[in-house]
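> let me see the structure of the following:
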Amino acid sequence: MSSFKTLDDMGDLTGKRVLVREDLNVPMQDGKISDDTRLRATVQTISELSDRGAKVLVLAHFGRPKGERRDDMSLAPIAPALAKLLGRDVAFIADCQGGDAVAAVAALPNGAIAVLENTRFHAGEEKNDPALSAAMAALGDLYVNDAFSAAHRAHCSTEGLAHLLPAFAGRAMQAELEALEKALGKPEHPVAAVVGGAKVSTKLDVLKHLVARVDHLIIGGGMANTFLAARGVDVGKSLCEHDLKDVADAILDAADKAGCTVHLPYDVVVAKEFAANPPTRTINVHEVAADEMILDVGPAAVEALGDVLKTCKTLVWNGPMGAFEIPPFDFATVALARTAAALTAEGSLISVAGGGDTVAALNHAGAAADFTFVSTAGGAFLEWMEGRELPGVAALTA
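Numbers count the residues shown, from 1 in each chain. Below is the predicted model:
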């Protein structure tokens, strides 16, 4: 990863107008924020810029208004919620470009913080329209991207601005990029990757990219069934993409050539119905009955996988090992996550995890706090695991 500039490289900020791209796209229920994780992630960067005397102008999108102004997707309600977390006033400016916005910014005192209206109220945002980028750039002197979760999109506020103003990574973006560099950029070997989730089809590029880079690939979740089927195992009525058996075979061959050990479950937990606490059997994978489905990795395999992690220096984790939302099929995810967390806490493992289900699974296991880094980015984290260049990151290093 080429080097990028951070807030440490910004010099004197007194009176400077700093456009800061954050992720304020928080879940709402009945007009209230139901999870403020993303807002909390903005606090360090915004506070530091404000303390250094900058006029902090927060850019963000909310929902998918498709270029139209929609009251239900305004960022106006986010400003007071952010103010509460920051412990300081946050103004709201009703546009993110244009004369009125320029005047509103000019009226702000040094150190002030303002949330600008939803960037996606302008159709040009998602098209990365140069005219809109220029109109946004007219509001600021400097640009900070602090939203890794939106870095896989080449939009005006995530990529276009970085070419028009001096561009820097915010503290959350910096932490994310440094963690990812340790995990797959220049990791300490041996490296293990846990890849779980329902379907192989959604993670094909991830798996293909990883086999050449990691020493151990641990496959769990529904996607493990497709690999088991490719190896000739009858998986009963388990979730399985039978049409992808050839692809699974090709991935296993590529891993073989690259010297990457692929770990598939050899004992599994099965049930006849997908419901909470049904009658279950823990069996060898070759004993699945025609009317049973595999819903979790068995305890013997989990113990062996824990031993694998004890030999590793680095771990990248994306996706649960089983149907963790429904007990007792959370056992493998919880047990392996706790092993990884304990190894990280004692200093023998660098552990980086990401993706929506993954964060929920690690929180459920009570293990997230002990991981080296947990990314809340969904799509951007997956694209990074696929080895793709993220436009929002590339623009910072250009």
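> where are the low-confidence patches of this structure?
Residue ranges of the chain with pLDDT under 70: 1-2, 398.
> name the helices or strands packed onto the helix or strand containing V393?
Here V393, judged by DSSP states H and E, is contained in helix 391-397. Where contact means 3 or more Cβ pairs under 8 Å, 6 or more residues apart in numbering; DSSP states H and E, helix 391-397 is packed against strand 142-145, strand 167-169. The C-beta positions use only the backbone N, C-alpha and C, and glycine is treated the same way.
> can you tell me which of these is most buried?
Highest mean neighbour count among the helices and strands packed on helix 391-397 (mean count of other Cβ atoms under 10 Å): strand 142-145, with a mean of 27.
> re the thing from before, need the helices and strands packed on helix 391-397 in TSV with distance to N284, can you?
Below are these laid out as TSV (distance: least, Cβ to Cβ, whole Å):
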stretch	distance to N284
strand 142-145	50
strand 167-169	49
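> nearest to D291, out of these?
Among these, the nearest to D291 by Cβ to Cβ is strand 142-145 (51.9 Å).
> contacts for that closest one next, please.
For strand 142-145, the external contacting residues (Cβ atoms under 8 Å, 6 or more residues apart in numbering) are 7, 10, 13, 16-21, 45, 49, 54, 137, 151, 158, 161-162, 164-170, 173, 392, 395-396.
> which parts of the stretch 201-350 of the chain are helices?
Assignment of helices within the stretch 201-350 of the chain using DSSP state H, counting those that start in this stretch yields the ranges 204-211, 221-230, 245-258, 299-310, 331-345.
> is it true that F227 touches A248?
Yes: at 4.8 Å, F227 and A248 qualify as touching, with contact defined as Cβ atoms under 8 Å.
> before we move on, the earlier item: what does the helix holding V393 contact?
The contact list for helix 391-397 (Cβ under 8 Å, 6+ apart) reads 1-5, 21, 145, 147-148, 150-154, 158-159, 162-163, 167-169, 173, 177.
> filter the residues you listed to the buried ones?
4, 21, 145, 147-148, 150-154, 158-159, 162, 167-169, 173, 177 (16 or more other Cβ atoms under 10 Å).
> so which of those are in strands?
Per DSSP state E, strands hold the following members of the buried ones among the contacts of helix 391-397: 21, 145, 167-169.
> what is the burial count for A81?
17 (other Cβ atoms under 10 Å).
> now swap in K84 and tell me
K84 sits with 12 neighbouring residues when counted by other Cβ under 10 Å.
> now it: how far from V262?
Counting by Cβ to Cβ, to the nearest Å, the gap from K84 to V262 is 48 Å.
> and for L390?
27 Å.
> these two: who's more crowded?
Using other Cβ under 10 Å as the criterion, L390 and V262 rank with L390 on top: 24 against 19.
> now the residue nearest the centre of the chain, what's its secondary structure?
The centre of the chain sits closest to A377, judged by Cα atoms, centre = their mean, with a distance of 2.1 Å. Recorded secondary structure, A377: coil (DSSP: H, G, I helix; E, B strand; the rest coil).
> pull the contacting residues for it.
By Cβ under 8 Å, 6+ apart, the residues touching A377 are 148-149, 151, 176, 354-355.
> ok, L315 next?
Going by Cβ under 8 Å, 6+ apart, L315 touches 183, 191-194, 309, 340, 349-352.
> state the number of residues packed around T282.
By other Cβ under 10 Å, the residues close to T282 number 14.
> relative to D330, which of the contacts of A377 is nearest.
Ranked by distance to D330 (Cβ to Cβ), the contacts of A377 are led by G355 at 16.7 Å.
> can you get me a residue count around T311?
By other Cβ under 10 Å, the residues close to T311 number 11.
> separation between it and A300?
18 Å.
> before we move on, what about A60?
47 Å.
> so for these two, which residue has more residues nearby?
Using other Cβ under 10 Å as the criterion, A60 and A300 rank with A60 on top: 26 against 14.
> my read: that one touches V115, true?
Yes: with contact defined as Cβ under 8 Å, A60 reaches V115; the gap is 7.3 Å.
> overlap of the contact sets of these two?
24, 75, 78.
> is it true that the second one touches A60?
Yes: the pair L75 and A60 qualifies as a contact (Cβ under 8 Å) at a distance of 6.3 Å.
> what's the overlap in contacts for these two?
With contacts defined as Cβ under 8 Å, 6+ apart, the residues shared by L75 and A60 are 24, 115-116, 118.
> and the nearest residue to N284 once chain neighbours are set aside, how many neighbours does it have?
Ranked by Cβ to Cβ, 6 or more residues apart in numbering and with sequence neighbours excluded, the top spatial neighbour of N284 is D267, at 5.7 Å. By other Cβ under 10 Å, 17 other residues sit near D267.
> from F331, how far out is D267?
The separation that D267 has from F331, given Cβ to Cβ, amounts to 12 Å.
> identify the contacts common to the two.
With Cβ under 8 Å, 6+ apart, D267 and F331 have common neighbours P299.
> contact partners of stretch 225-239?
Counting by Cβ under 8 Å, 6+ apart, 198-200, 219, 222, 240-242, 244-246, 248-249, 251-252, 262, 264-265, 270, 285-286, 288-295 sit against stretch 225-239.
> domains in this protein, by residue range?
What automatic domain parsing lists as the domains of the chain is 7-173, 187-385.
> now the helix holding V393: buried residues?
For helix 391-397, by 16+ other Cβ under 10 Å, it's 391-396.
> and if you look at stretch 321-329?
Applying 16+ other Cβ under 10 Å to stretch 321-329 flags 321-324, 326, 329 as buried.
> how about the residues you listed, which pair is most distant?
M321 and I326 (13.2 Å).
> rewinding a little: can you flag the buried ones in the contacts of stretch 225-239?
198-200, 219, 222, 240-241, 244-245, 248, 251-252, 262, 264-265, 270, 285, 288, 292-295.
> if you tally nearby residues, what's the number for the residue nearest to A60 when sequence neighbours are not counted?
Nearest residue to A60, sequence neighbours excluded (Cβ to Cβ, 6+ apart): L24, at 3.9 Å. Using other Cβ under 10 Å, L24 has 23 other residues around it.
> please consider this matter closed, and thank you.
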